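Task: produce atomic coordinates for the following.
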Amino acid sequence: MKGEADGREGRFIVAVSDTQHAKLGFRIGNVFKGTAWPCIKAKHDIADFYRAGGFKALSRANEQAVSEAPPFTGLLPPTDVFERRGARMLNAKLWRKQCFTCMWANKSAVEIEYKFGKVKRYRKEPFCYGPRS
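Below you'll find the model as predicted:
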């Protein structure tokens, strides 16, 4: 998301629930205003803010602009659709340049175990859930 947080403008990631998504119909290009808590020490989360609420739609993306080719910009599906489709890893540069505005692009925290369960670290990896073609 692009917006303002604590008086600072910039891009940041806001975690929302499936219920909020179903109710508000988020899609690429929508602009919302609301409140959220900052994620300060959550190593396993990629969101900058979580527990978001009090959303008010400031503007909505053009629904006629749904694309049939990448980057796909339609209404975002529920989380279980992403799980069913499965993910493919993406090149981070490709994700930033071409895939960032696609509804099937995703960035997740990946848990990496060192010393078989004694040490865990997290790395942020981009994934694609879209068509394979």
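
low-confidence ranges in the protein?
With pLDDT under 70 as the threshold, the chain has low-confidence stretches at 1-11, 42-44, 63-67, 133.

can you give me the helices for it?
Ranges of helices within the chain are 18-24, 79-85, 92-94, based on DSSP state H.

Adding distance to residue 111, write those helices out as JSON lines.
The way it works is simple: take the backbone N, C-alpha and C, and place the C-beta from them, glycine included. As requested, the helices of the chain are exported to JSON lines (distance: least, C-beta to C-beta, whole Å):
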{"stretch": "helix 18-24", "distance to residue 111": "22"}
{"stretch": "helix 79-85", "distance to residue 111": "17"}
{"stretch": "helix 92-94", "distance to residue 111": "18"}
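
Who does the most centrally placed residue in the chain form a beta bridge with?
Per C-alpha atoms, centre = their mean, the C-alpha nearest to the average position across the chain is that of residue 106, at 5.5 Å. Using DSSP bridges, the bridge partners assigned to residue 106 are residue 127.

that older thread, closest to residue 49 out of the helices of the chain?
Using C-beta to C-beta as the criterion, the shortest distance between residue 49 and the helices of the chain is 13.0 Å, found for helix 18-24.

Tell me how far that closest one lies from the chain's centre.
14 Å (C-alpha atoms, centre = their mean, to the nearest Å).

now do stretch 39-57
For stretch 39-57, the gap between its own C-alpha mean and the chain's C-alpha mean amounts to 11 Å (C-alpha atoms, centre = their mean).

thinking again about what came up before, could I get the helices of the chain as TSV with mean neighbour count?
As requested, the helices of the chain are exported to TSV (neighbours: other C-beta atoms under 10 Å):
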stretch	mean neighbour count
helix 18-24	12
helix 79-85	12
helix 92-94	11
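
Which among those is found nearest to residue 46?
Shortest separation from residue 46 across the helices of the chain is recorded for helix 92-94, at 12.7 Å, computed as C-beta to C-beta.
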